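Chemist: no sequence for this one, just the structure:
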């Protein structure tokens, strides 16, 4: 059972998400994530321009009029969220933590999915698999997922992306759209991403707080690694210290970006202090243009 405060938060996220989906995301989502095949819909009279291969010869012979089989896209998809809830996700200086940002992002995508009659599932992980919710349809199911994400208290503190990807690969029987949502403070998962992306549509969603990219000039500051507990004291008034911090952050994110590009995995980077709706819209539109170009070639 959710507390009243948490119920109110879930309700606000639902209202905001449905508004955004209606106005911006529903059509974008449908145009990018296609069904897995075609299914039979009906038999109708032949019309000029119909392909000869679609003629239903049995019905044509029985009625004396030329009929064709009509197929429609098999729309239903499985959409999965693999959400990193390790201790580093509790960090946030932009009004929201990284974990809260991840939950809101899942809500937007999940309501887009169920609006298109797709199923939504969830895996929460840290340095272990914490929670699995099988894919299902409906707003009640999505609200339950959002509530779980907002109230979740993980058992682990570290991050093991490789284990989460491996678990999903063994568990998923149907090709799915998979959003891997994490701050990617981990290593050694590239090969498992490559394997998973061969069968599924894997999309990486790095969640970033601005203070992970640069430090303010605030004198002596004690920094603690949320996952390992390691402490570090540094003088943030030093321009050299701040420059080294920024360069290390830049190199880490550039390395991740290069590796995802080499693996052919799309990514959407979101920030805890920004409205990421426009980032989603830009991502969907860029992806649609690219997929359309590939089909035309």
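Modeler: Cool, got the structure. Computed from a predicted structure; not experimentally measured.

Chemist: From the centroid of this protein, which residue is nearest?
Modeler: For the chain, the residue nearest the mean C-alpha position is residue 179 (2.8 Å; CA atoms, centre = their mean).

Chemist: Surely that residue is in a helix?
Modeler: No. Secondary structure assignment (DSSP: H, G, I helix; E, B strand; the rest coil) places residue 179 in strand, not in a helix.

Chemist: Could you measure from it over to residue 223?
Modeler: Remark: distance between residue 179 and residue 223 (CB to CB, to the nearest Å) = 30 Å. C-beta coordinates here come from the backbone N, C-alpha and C atoms, glycine included.

Chemist: Could I get the contacting residues of the residue nearest to the centre of the chain?
Modeler: Residue 179 makes contacts with 79-82, 106, 109, 203, 205, as judged by CB atoms under 8 Å, 6 or more residues apart in numbering.

Chemist: Can you give the contact residues for the helix or strand harbouring residue 16?
Modeler: Assigned by DSSP states H and E, residue 16 belongs to helix 4-20. Contacts of helix 4-20 with the rest of the structure, by CB under 8 Å, 6+ apart, involve 2, 103-104, 107-108, 110-111, 139, 143, 146-147, 150-151, 277.

Chemist: same question, stretch 85-98
Modeler: For stretch 85-98, the external contacting residues (CB under 8 Å, 6+ apart) are 99-102, 104, 124-127, 130, 149, 152, 154, 156-159, 183, 185, 207-212, 225-227, 271-274.

Chemist: pLDDT below threshold where in this structure?
Modeler: Across the chain, the ranges flagged by pLDDT under 70 are 1-2, 34-41, 71-75, 291-297.

Chemist: residue boundaries of the strands in it?
Modeler: For the chain, the strands defined by DSSP state E cover 37-45, 67-74, 78-84, 119-125, 129-136, 177-182, 201-208, 220-224, 231-235, 266-267, 270-271.

Chemist: Output the ones you listed in CSV, with distance to residue 8 appended to each entry.
Modeler: Formatted as CSV, the strands of the chain follow (distance: least, CB to CB, whole Å):
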stretch, distance to residue 8
strand 37-45, 42
strand 67-74, 39
strand 78-84, 22
strand 119-125, 22
strand 129-136, 22
strand 177-182, 24
strand 201-208, 24
strand 220-224, 32
strand 231-235, 37
strand 266-267, 32
strand 270-271, 24
